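K.L.:
next comes the sequence, and after it the predicted model I'd like to discuss.
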Amino acid sequence: MFRVRSSKSDVPNSKFKTRSQMFKIQHSHTLFRPPAEAFSLIIRIADGCPWNQCTFCGMYKGVDCRFQSPEKTNASIEEAWREYPQARRIFLADGDVMALPFGKFRAVLEMVNKRFPRLARVNVYANGHSILQKSEAELLELKALKLNTLYMGLESGHEETLRAVKKRETAKEMIEAGQRAQTAGLKMSVMILTGLGGQKNRHFHAAATADALTRMQPRLLSALRVIPIPGTELYDEEQSGNFNQLTEYQAVEELKALIHGLELESTVFRANHSSNILPMEGRFPKDKNSLLQEIDMLLASGTLDSTSPGPPPLSL
């Protein structure tokens, strides 16, 4: 029973599936969205990621980062409105729409609010750096224009691990970004990667990440397991022996250490992406003990590979 993996492509960088409320891909490269946006109207107003240097991420490799002109953005919104004029949930793509200067982002939200009379919320990907470029007053103004959820990849709370994978921000900066956004009434949906520290930092990664999340108190938390993907620097490092993945057993131990260290007041937790060995979800704090018990059962089952990362997931 413990070897069953989630078959869902339930990941912040999953490809579009055919859904009734999805808008068509507007450009040639793959469009990405969080799993929670599966039934949102997705409007692309940018291409790529303004940082695009993280060693583990292959989402936007080879894609030049650019934001659409106001005219093209307006045209994209108009086209989306003609397809789904009654849309209530909108996700603005691409990789870090929050990186738009405040005035331009405000203008985009004003256009969306004007065009969609039933609009309830607008969600985006956001890096810590781009959040910190906005003042609390500016975030409050964006919130008033129905900006709702910011999807941010913390990945790790361990500074050495973040430097090793070339993350732009420090853990301290991302904690500050999350706190600032939530003070303004925005929701933070935070992603972390178990195993990102590899064998070298496995004893530090989980504890530091749990501490960062406890300080941030995100409303939503997703845990994925790092899988080196061909074409990324992390994959090349693994092939050359400079990065060593955790074994299956160690990966589950690390997830246990993470959950054990979390002191969250009101957070929905999910670890049900196909990369995870044990699909699980719950709400903190009430489900913390049951999640730990489930992990203990798996660790004691004798089914985990203690010599290798185990078989790769069928899809990511």
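P.N.:
Looks like it came in fine.

K.L.:
burial of Met174, as a residue count?
P.N.:
Using other Cβ atoms under 10 Å, Met174 has 28 neighbouring residues. Yep, even glycine has a C-beta here, placed from its N, CA and C like the rest.

K.L.:
just checking, it touches Ala212?
P.N.:
Yes: between Met174 and Ala212 there is a contact under Cβ atoms under 8 Å: 7.2 Å.

K.L.:
who touches both of those two?
P.N.:
Leu154 (Cβ atoms under 8 Å, 6 or more residues apart in numbering).

K.L.:
how about the helices in the stretch 51-200 of the chain?
P.N.:
70-83, 102-115, 128-132, 136-144, 159-164, 171-183 (DSSP state H, counting those that start in this stretch).

K.L.:
tell me what the fifth one is packed against?
P.N.:
Packing partners of helix 159-164 (3 or more Cβ pairs under 8 Å, 6 or more residues apart in numbering; DSSP states H and E): helix 202-216.

K.L.:
what does the helix it packs on contact?
P.N.:
Taking Cβ under 8 Å, 6+ apart as the rule, helix 202-216 contacts 154, 156-161, 171, 174-175, 178-179, 182, 188, 190, 192, 194-197, 221, 246, 250, 254-255, 257-264.

K.L.:
listing request: residues of this structure with sub-threshold pLDDT.
P.N.:
1-29 (pLDDT under 70).

K.L.:
now do 50
P.N.:
1-26 (pLDDT under 50).

K.L.:
so where do the strands sit in it?
P.N.:
14-15, 32-33, 41-44, 46-47, 66-67, 89-93, 121-125, 147-155, 187-194, 220-225, 267-271, 280-284 (DSSP state E).

K.L.:
give me the buried subset of the contacts of helix 202-216.
P.N.:
Among the contacts of helix 202-216, those classed as buried by 16 or more other Cβ atoms under 10 Å are 154, 156-158, 161, 171, 174-175, 178-179, 182, 188, 190, 192, 194-197, 221, 246, 250, 254-255, 257-259, 261-262, 264.

K.L.:
quick one: Thr170 and His158 touch, right?
P.N.:
No: Thr170 lies out of contact with His158 (Cβ under 8 Å); the separation is 10.5 Å.

K.L.:
tabulate the helices of the stretch 51-200 of the chain in TSV, adding columns for distance to Glu281.
P.N.:
Output for these, formatted as TSV (distance: least, Cβ to Cβ, whole Å):
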stretch	distance to Glu281
helix 70-83	31
helix 102-115	31
helix 128-132	25
helix 136-144	27
helix 159-164	25
helix 171-183	21
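
K.L.:
tell me which of those sits most buried.
P.N.:
helix 128-132 (a mean of 22; mean count of other Cβ atoms under 10 Å).

K.L.:
chain center to that one: distance?
P.N.:
Taking Cα atoms, centre = their mean, to the nearest Å, the mean C-alpha location of helix 128-132 is offset from the chain mean by 14 Å.

K.L.:
and Gln217, what does it touch?
P.N.:
Contacts of Gln217 (Cβ under 8 Å, 6+ apart): Gly178, Gln179, Gln182, Leu264, Glu265, Ser266, Thr267.
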